[in-house]
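[1] Sequence first, then the predicted structure, then my questions.
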Amino acid sequence: MIHLLSATVHQITPEGIIDRYPNSYNHFVLPFVIGITFILIYLFIGLIRILYHLSGEDRIKLLKSLFNPKTAWKNIKDIFCDCLLHTKIWKRKPLLGYMHSAIAFGWFLLIVVGHIEVWLFAPRHLSGLTEGSLYYPIFYRFFIWINPAHETLRGSVFFFIMDFLLLYVLSGIGLAMFKRVRSIALGMRHTTKPSLADRIALYCLWLIFPLRLLAEGFTADLSGGGFLTRPLNWVFRAFFGNELNFLPTWWAYSICLGLFFIAMPFSRYMHILTEPLLILFRNAGLKVRHPRKGFAEAEIYACSSCGLCLDACPMNAQKKNLKYSSVYFIRFLRRHNKKKTKEIAEKCLMCGKCYALCPVGVNSPAIRRAIRETQNNSINCNYSYLDTYAGKAAEVLSDKTRGKILYFAGCMSHLTPKIIKSMETILQASGQEYEFMDRNEGICCGRPLMLAGRTDAARKTIEANTKIIKDSGCTILLLSCPICLKIFKEEYSLKGIEVIHYTQFIDRLIKEGKLKVSKSSSAIVYHDPCELGRGCGIYEEPRNVLRAVAELKKASKEKDESICCGYSLGTLTLDEKDKAKIAESSVSSLMAEDPEEIVTACPMCYRAIRSKAEVPVKDFAEIVCERIENNDKN
Amino acid sequence: MIDFGFSVSPSSRINLDNADKEKFARLAIAEPDVLKCMACGSCTASCTAGAFEDTSLRRAILSLQNGLSDDASKLLSHCMLCGKCTMVCPRGINTRHLILSIQKIYSL
């Protein structure tokens, strides 16, 4: 066996570890070294580019967040949970979560433990590039010879850990291969079509770990090995004899690694390196300002193309519309395909489900809005009437509203007068003092303009409404439309005024005993409107109230997985037929447990679902109103 | 000009030669729903901005067909895109995209 070793024994440590090669170098490391150098240079340039495109204000924000202990801790936690453990996928699809975390966390640990092993047993090789620090820890098993007579417990523990980790990663790779054949077994109905670079990187990734096992198996009699590699070595020796020619497997392992790193920037696997950056940006509170540069670029490269958004997107009601999903949108963005990105950006319903379910947290609706902004923000408008109206309305409301509730119904509620009538009955029955902000005439909240990308125009309506609300002196602004709620919470600055949706308000009235309701035995199901649920995170309040008035059933998809009704104001170009298909799929999800009635809390959803449902559809306020037990005189 | 104490009102005749057919064709490609309108006026009846200013999608479409594109742009310049017209349209016309397309193609 000794004749396989190099003639000069380079260094002997107390544990009997000997460098087999005097320079710790062999030509086979070259593909790996080229690959890793390429990716490191690419990363450096990419990082500079992204930082350069951030606005100065954003850069300061980012810098501050890095030194803020609270965000710094959140950064560490998020990077660990999202990039390595993939807790978000675990929660929804455990097998898929196991697959991702096995590959990500397993590989990460292999690298870390590998480095610790080198640091403990051959520390010289971590001291600089001339000592091979770049590749030595990766190919450690190739370069050493361990005297079997001197093998220590410490060494054996590392052999075991490394083999165990390799097995962990291999189990993930095995699942990944199986997923390609039958994705539904791992909980995915639709998967992304990989691009050419994706395929190259994918096959390399599949090969890296089996090849590592082979390579380390071939050298296990020299370098030592654990429960996987040593038996493998016995098998090889039984087949090929004692003189094993192990170089080809090490070459193959190195080539696969090198090729993977070179394909990486052009493939979806760039997400591995970009996701931590995105987490830093997100926790620093940065927002999308340009649809392709700066923050958006970090988001685009952080997309793992996993395709979880394909099953999430309400567009999947029709197979032809799957192409409008976020994963393909991001891919076209990455390729600078302006025509396609514009088309998809305008088609999207902006329901936010892809963002809610994205394991990386790519906010593609925000990028879509930014694209719409470049298209539509310059459109001329004549909003001079807003100021006149705001002045008049503020005058009317200013004296009588002080300290009271101000109810703003919004445009859409005016199309469904039932909601307004029910709300007024509830407010009166519970003895609330309120004023109606837009009983006869009112202006839009600005959300539809914002969604269409007309930010400047939206600001004008926001300004006018803010003046009326602030001048009125109200303490609570009550809304019955979630579309309004979203923009009132996000874009309005109404200090000292509580902005509240009627579902929250009624829940509070019941809890405080101001509104008494009776329970009926009818079975109902609740549809989560996108803007209320995913938009504002309100899921429990409406359910609390509905449980008090009826038997609440479950929908097949609910809460943050609820399917958009299809008639969202978010879409610009989706036509009536496609909207109707989405409404049908939303209704069929709601009918999973055969409820007698459907309840929703958005005037848009109400009209959309009513047009497709075969059971009665009611608004939230309407059903509460039917069950009021208060005496009228109370 | 001498003041005769009376004036001749300008011609109210529609000159279809002024109609920019190429622009209308572009509009019909951007939003084919423009051809579906039957001028029922539901959009105008429900319009939020219509309570304050002269805003009418129905008349805007008619104006475009009659070659009066400036009138059309004026009639839509107060629109807040609230989407009520989409909800009430009996033909299911995507009114918001139609308005945006008119504003972009016939920008004043």
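    Structure's in. What do you need? Numbering: from 1, shown residues only, chains lettered A, B, ... in the order given.
[2] List, one by one, the residues from the stretch 451-600 of chain A near chain B.
    By CB under 8 Å from any CB of the partner chain, the residues of the stretch 451-600 of chain A that approach chain B are A:452, A:454, A:457, A:461, A:567, A:569, A:572-576. (Each C-beta comes from the backbone N, C-alpha and C, glycine too.)
[3] Could I have the buried ones of these as ChimeraX selection syntax?
    ChimeraX command restricting those to the buried ones, with burial defined by 16 or more other CB atoms under 10 Å in any protein chain shown:
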select /A:452,454,457,461,567,569,572,573,574,575,576
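[4] and the residue nearest to residue A:179 when sequence neighbours are not counted, how many neighbours?
    Once flanking residues are discounted, residue A:179 sits nearest to residue A:186: 5.0 Å by CB to CB, 6 or more residues apart in numbering or on different chains. Using other CB atoms under 10 Å in any protein chain shown, residue A:186 has 18 other residues around it.
[5] what does stretch A:252-271 contact?
    Stretch A:252-271 is contacted from outside by A:28-36, A:38-39, A:42, A:46, A:138-139, A:194-195, A:197-198, A:200-202, A:204-205, A:207-208, A:211-212, A:214-215, A:272-273, A:301-305, A:360, using CB atoms under 8 Å, 6 or more residues apart in numbering or on different chains.
[6] same thing but 6 Å
    With contacts defined as CB atoms under 6 Å, 6 or more residues apart in numbering or on different chains, stretch A:252-271 is touched by A:28-29, A:31-32, A:34-36, A:38-39, A:42, A:197-198, A:200-201, A:204-205, A:207-208, A:211-212, A:215, A:301-302, A:304-305.
[7] hmm, back to that, show me the contacts for the residue nearest to residue A:179.
    Per CB under 6 Å, 6+ apart, neighbours of residue A:186: A:95-96, A:179.
[8] again, only this time at 8 Å
    A:93, A:95-96, A:99, A:175, A:178-179.
[9] Inside helices: which ones of the residues you listed?
    A:95-96, A:99, A:175, A:178-179 (DSSP state H).
[10] Spit out the contact partners of the residue of chain B found nearest chain A.
    Nearest residue of chain B to chain A: residue B:92, at 3.5 Å (CB to the nearest CB). Taking CB under 8 Å, 6+ apart, we find residue B:92 in contact with A:575-576, B:33, B:36.
[11] how about low-confidence regions in chain B?
    Applying pLDDT under 70 to chain B flags the ranges B:108.
[12] residues from it in reach of chain A?
    Residues of chain B lying near chain A (CB under 8 Å from any CB): B:31, B:33, B:46, B:48-49, B:51-53, B:74, B:77-84, B:86-88, B:92-94, B:96-97, B:100, B:103-104, B:107-108.
[13] before we move on, the earlier item: among the contacts of stretch A:252-271, which are within reach of chain B?
    Okay, of the contacts of stretch A:252-271, nothing touches chain B (CB under 8 Å from any CB).
[14] before we move on, the earlier item: tell me the one of the contacts of residue B:92 nearest residue A:383?
    Nearest to residue A:383, judged by CB to CB, of those is residue B:33 at 25.4 Å.
[15] ok, and the closest non-adjacent residue to that closest one?
    Residue B:33 sits nearest to residue B:93 (CB to CB, 6+ apart), 4.2 Å away.
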